[in-house]
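>>> Just to be clear, the model below is a prediction. Sequence and coordinates:
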Amino acid sequence: MTELASRFDSFPPYPLADVPGIKRELRAKGVDVIDLGAGDADLAPPPRVIEALRDAAGRPEMSRYAFQLGLPEFREAIAAWMERRFGTRVDPYGEVLPLIGSKEGIAHLALAYVGAGDRTIAPDPGYAPYVGGTLLAGGTPYTVPLRPENDFLVPLDELPSDVVARAKILYLNYPNNPTAAVAPVEYLERVVAFCHRHDIVLAYDNAYSELAFEDYRPPSILELDGAREVAVEFHSLSKTYNMTGWRIGWAAGNASAIAALQRVKSFVDTGIFLGVQAAGKAALESWDDWVPGNIERFRVRRDALVDALRAGGFEVESPRATMYLWMRSPGDDDAFARRALLEEGVVVMPGSALGDGGAGFLRLALTQGPERLAEAATRLGRLR
């Protein structure tokens with residue numbers, strides 16, 4: 001067998017790649033495993049989504065190639081939702097692109113802009129496609145530690161000038177996975193100005209824009225003056241609508257960047273199943289009467305886990321958004337996560353699995369009901 005490409009050796013291990021096997025072995029032994037690792041909630045999508053897919057599956061025309069155009073009604077639903085939600089208008093055919101989940105679009109964007117000798121700037125810890133897409137494109141990622149003293153924001157004024165000079169893409173994600181941090185509008189305005197000044201594409205990962213609590217409403221980067229000239233925003237139906245396995249999302253923003261990403265994708269895939277796009281349209285149209293109730297379910301889970309962790313002796317802040325809690329680990333985060341799994345049957349994500357900048361922290365996902373979350377916290381408390 002021929003040797004693997006040199007870029008293959010540069011890929012970091014994917015977070016918790018061995019955990020599914022360990023979970024299977026534990027369950028075979030009768031261990032009650034509570035999985036708070038992946039951001040994959042145990043909740044159902046909206047009924048209208050399931051009905052739309054069922055209807056589309058019976059229509060032969062929905063089984064044809066979607067290509068990159070996809071289902072026009074889905075594109076138009078995206079544009080209508082973004083105007084209704086954020087007050088920003090996008091052209092459904094020139095400034096929107098359906099994606100097989102936002103993950104693939106984020107990873108593929110680098111193929112349009114990054115080559116040998118180029119840099120990207122990515123948060124650390126952060127979503128794996130920021131680094132992975134850069135490496136696949138032949139570039140070199142520069143990862144920036146997200147620190148509590150900076151409110152888990154990327155400190156733009158501390159970036160090395162030589163990195164900025166070679167940077168093609170800045171990846172940002174607020175509300176943030178894994179830290180659950182949110183970004184003030186004033187900070188986002190500085191980000192847009194920074195990208196204008198240095199001719200950098202802003203890849204704004206807004207997958208958690210709808211999972212926010214109390215009165216907090218995360219913005220779209222496209223609401224800000226000048227953002228459309230530099231930014232592509234990524235959205236996903238995965239978390240908001242409990243549709244992680246459906247693999248559907250979109251990119252919106254700068255028309256040139258959307259066209260470039262579309263061209264890349266034309267060599268990689270032939271689009272999302274049209275039936276899933278019909279279901280995506282139904283999801284967006286069910287926002288008003290379904291999403292608030294789903295967010296309330298996550299709020300109840302958040303409060304249950306925060307309360308139980310504090311009762312168990314952990315210091316943890318209650319997040320304003322996302323489906324995660326980010327807290328300091330009692331000791332080495334990887335070692336604690338292994339103990340949690342092997343000794344107590346609880347899966348948590350060690351922060352270091354998401355990047356060196358996450359060392360010393362743990363991420364817990366709100367993927368179980370309140371009682372199970374409280375039980376998980378009780379078990380973790382026994383390991384302190």
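Happy to help now that I have it.

>>> use CA for all of it now, contacts and neighbours both
OK.

>>> Do I have it right that R379 meets E344?
Yes. If you go by Cα atoms under 8 Å, R379 and E344 touch, sitting 6.0 Å apart.

>>> Neighbours of the closest residue in space to D151 that isn't next to it in sequence, how many?
When the adjacent residues along the chain are set aside, D151 lies closest to A181, with 7.0 Å between them (Cα to Cα, 6 or more residues apart in numbering). Using other Cα atoms under 10 Å, A181 is surrounded by 22 other residues.

>>> mind listing what A181 touches?
151-153, 174-175, 319-321 (Cα atoms under 8 Å, 6 or more residues apart in numbering).

>>> Let me have those residues in a markdown table, adding distance to R7 as columns.
As requested, the contacts of A181 are exported to a markdown table (distance: Cα to Cα, whole Å):
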| residue | distance to R7 |
| --- | --- |
| D151 | 33 |
| F152 | 30 |
| L153 | 29 |
| Y174 | 29 |
| P175 | 31 |
| P319 | 37 |
| R320 | 38 |
| A321 | 35 |
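
>>> Of these, which belong to helices?
Among the contacts of A181, no residue falls in helices (DSSP state H).

>>> just the strands in the stretch 101-250 of the chain please.
Here the stretch 101-250 of the chain has its strands, by DSSP state E, counting those that start in this stretch, at 119-124, 140-145, 167-172, 201-205, 231-236, 249-253.

>>> returning to what we had before: ok, and the most crowded of the contacts of A181?
A321 (29 neighbours).

>>> How about it: what's its closest non-neighbour residue?
Spatial nearest neighbour of A321, excluding adjacent residues (Cα to Cα, 6+ apart): A212 at 3.9 Å.

>>> tell me the secondary structure for T2?
coil (DSSP: H, G, I helix; E, B strand; the rest coil).

>>> That one - how many residues pack around it?
T2 - counted by other Cα under 10 Å - has 4 other residues nearby.

>>> And the pLDDT for it?
Residue-level confidence at T2 comes out at 87, pLDDT.

>>> Could you do G30 as well?
For G30, the model assigns a pLDDT of 87.

>>> neighbours of it, just the number please.
G30: 9 neighbours (other Cα under 10 Å).

>>> Got the phi and psi for it?
The phi/psi pair for G30 (degrees, to the nearest 10) reads phi 90, psi 10.

>>> show me what contacts it?
Applying Cα under 8 Å, 6+ apart, no residues contact G30.

>>> could I get the strands of the stretch 101-250 of the chain as TSV with mean pLDDT and mean neighbour count?
Listed next are the strands of the stretch 101-250 of the chain as TSV, based on pLDDT from 0 to 100; neighbours: other Cα atoms under 10 Å:
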stretch	mean pLDDT	mean neighbour count
strand 119-124	98	26
strand 140-145	96	22
strand 167-172	98	24
strand 201-205	98	25
strand 231-236	98	27
strand 249-253	98	25
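
>>> Using CSV, lay out these together with distance to I22.
Output for the strands of the stretch 101-250 of the chain, formatted as CSV (distance: least, Cα to Cα, whole Å):
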stretch, distance to I22
strand 119-124, 27
strand 140-145, 30
strand 167-172, 33
strand 201-205, 31
strand 231-236, 29
strand 249-253, 31
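
>>> Quick one: closest of the ones you listed to S352.
Evaluated with Cα to Cα, the strands of the stretch 101-250 of the chain place strand 119-124 nearest to S352, the distance being 9.3 Å.

>>> That closest one pairs with which strands?
Note on strand 119-124: by DSSP bridges, its sheet partners are strand 140-145 (parallel), strand 167-172 (parallel).

>>> okay, it in PDB with CA atoms only?
Taking Å, rounded to 0.1, in the frame of the first residue of the first chain, the C-alpha atoms of strand 119-124 are listed here in PDB:
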ATOM      1  CA  ARG A 119      -2.300  30.900   7.400                       C
ATOM      2  CA  THR A 120      -5.700  30.800   9.000                       C
ATOM      3  CA  ILE A 121      -6.600  32.000  12.500                       C
ATOM      4  CA  ALA A 122      -8.700  29.800  14.700                       C
ATOM      5  CA  PRO A 123      -9.900  29.700  18.300                       C
ATOM      6  CA  ASP A 124      -8.300  27.100  20.600                       C
END
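
>>> hey, where'd the helices end up in the chain?
Going by DSSP H, the chain shows helices at 6-9, 19-28, 47-57, 72-86, 102-113, 128-136, 161-166, 185-198, 255-266, 274-285, 287-311, 333-344, 370-381.

>>> And those helices: which comes nearest G360?
helix 333-344 (5.1 Å).

>>> The closest one packs against which elements?
strand 346-347, strand 349-350, strand 361-365, helix 370-381 (3 or more Cα pairs under 8 Å, 6 or more residues apart in numbering; DSSP states H and E).

>>> how about 7 Å then?
strand 346-347, strand 349-350 (3 or more Cα pairs under 7 Å, 6 or more residues apart in numbering; DSSP states H and E).

>>> still on that earlier bit, could I get the strands paired with strand 119-124 as a markdown table with distance to R85?
Below are these laid out as a markdown table (distance: least, Cα to Cα, whole Å):
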| stretch | distance to R85 |
| --- | --- |
| strand 140-145 | 31 |
| strand 167-172 | 20 |
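
>>> which stretches of this protein have low pLDDT?
14-17 (pLDDT under 70).

>>> got the domain boundaries for it?
6-44+289-381, 51-286 (automatic domain parsing).

>>> got the helices of the chain as a markdown table, with mean neighbour count and distance to L354 columns?
Formatted as a markdown table, the helices of the chain follow (neighbours: other Cα atoms under 10 Å; distance: least, Cα to Cα, whole Å):
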| stretch | mean neighbour count | distance to L354 |
| --- | --- | --- |
| helix 6-9 | 10 | 18 |
| helix 19-28 | 13 | 15 |
| helix 47-57 | 17 | 32 |
| helix 72-86 | 18 | 30 |
| helix 102-113 | 22 | 15 |
| helix 128-136 | 24 | 7 |
| helix 161-166 | 14 | 22 |
| helix 185-198 | 16 | 23 |
| helix 255-266 | 18 | 26 |
| helix 274-285 | 24 | 29 |
| helix 287-311 | 18 | 21 |
| helix 333-344 | 18 | 11 |
| helix 370-381 | 20 | 20 |
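
>>> Nice, that's everything, thank you.
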